[in-house]
Every structure is written in C-alpha cells, then in structure tokens.
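Trainee: predicted model follows, preceded by the sequence.
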Amino acid sequence: MKPKAAPSAPRKPAVKAAAAGTDADFDLNHFLPHKLSVLSRLTQDLLAATLGRSGMTVAQWRVYVCLSAQGPCHLNGIAEFTRLPQSSLSRSIAQMAERGLVQNARDENDRRIARIELTEQGRAHLARLTAEIQASCDSVFAMDDEKASRLFHRTIDELVARLNERVHGAS
C-alpha cells in the first residue's frame, strides 16, 4: 500500500494588485517575503513541537541559548538577548528553576543582584535538546548535495546581511 503524500498547502488564487498605476497579476505564493514568512512560521512550529516533547517552550529555549552563549546573566540581559517580555521571561525562568535547569546566583560585586545561570543538569539537558533540535532540522533542511547546501547557506547569510544593512544601517 502506497503511503499517503502529505497534503500540500492550498493554492490561493492570484491576487490582483495595482502596480505603478496598472493592473498586474500578483501571486502571493510566489512573493519571496511571503514565502520566507511561511518558512519562518513552519520552522518555529517544528521547533515548538520538538521542544514540547521535552516539556520545554520556545521562550525557555531562548533562555537556554542566551545562558549558553553569554554565561550567567541578569534578568535584564536575558530579556534584551531573547526579546521576551519580562513577565513571560520571569515565568519561563521560574519553571526552569523548578526543574533544576537554572539557578539564581548572587552577583559577586553586588549581592543584591541575582544572576541566572545554567545548572549541570541544565547543561546536560541543553546538550540533549540541541541534538534533538538539530536532528529535527536536518530531517527537513538537509540537502544531499553539499555544494547546494553551502550555496543555500551563503544566500541566506547574504540576504540577512542585506536586510540588516537596509533596516538598521551600517554598524
């Protein structure tokens, strides 16, 4: 028996759009920003599903990534890195602390200030989770042709750099 093919996204009819005073066919499904938006949303859904199997949220993953990259951080530093609202961030950190994945450590220079850091259990969990996420992403994004893969990544990097320059200017 043949396995069923995954349902494809329904094809939307071309949208009529006025371009420079003329009617032009505009097919949203061929509009690159739309495609990138769909890709981003689906990638986030894949990430959320993978994290969910381990009882984690995307917000908690962002905390993990921050603490792994930056080391122990104040709540404000984590908020800036993750772009999460303080209320959501505090809740995520509290849930992670309950599971023994992070802990509060007092700042050496100012004992009144708490810094959040990964525990050994948190580091081990992060390593397992990273491997699961990598496997999930590889199952979708892996390319058989190494040259095509390098070109794809180079193109993505170039687009990110161009957009960053356009939106944020030279740094």
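Mentor: Looks like it came in fine.

Trainee: OK, contacts around the most centrally placed residue in the chain?
Mentor: With distances taken as C-alpha atoms, centre = their mean, the chain has Q44 as the residue nearest its mean C-alpha position (6.0 Å). By C-beta atoms under 8 Å, 6 or more residues apart in numbering, Q44 lies in contact with V58. No exception for glycine: its C-beta is placed from N, CA and C like everyone else's.

Trainee: separation between it and V38?
Mentor: As judged by C-beta to C-beta, to the nearest Å, Q44 and V38 stand 11 Å apart.

Trainee: same thing with Q70?
Mentor: 31 Å.

Trainee: please apply the same query to H153.
Mentor: Separation of H153 from V38 (C-beta to C-beta): 20 Å.

Trainee: could you do L118 as well?
Mentor: 34 Å.

Trainee: which one of those two is surrounded by more residues?
Mentor: Between L118 and V38, counted using other C-beta atoms under 10 Å, L118 has the larger neighbour count: 21 against 13.

Trainee: assign a three-state SS to the nearest residue to that one once chain neighbours are set aside, would you?
Mentor: Closest residue to L118 apart from its sequence neighbours, by C-beta to C-beta, 6 or more residues apart in numbering: L67 at 4.9 Å. L67 carries the three-state label helix when classified by DSSP: H, G, I helix; E, B strand; the rest coil.

Trainee: all set now, cheers.
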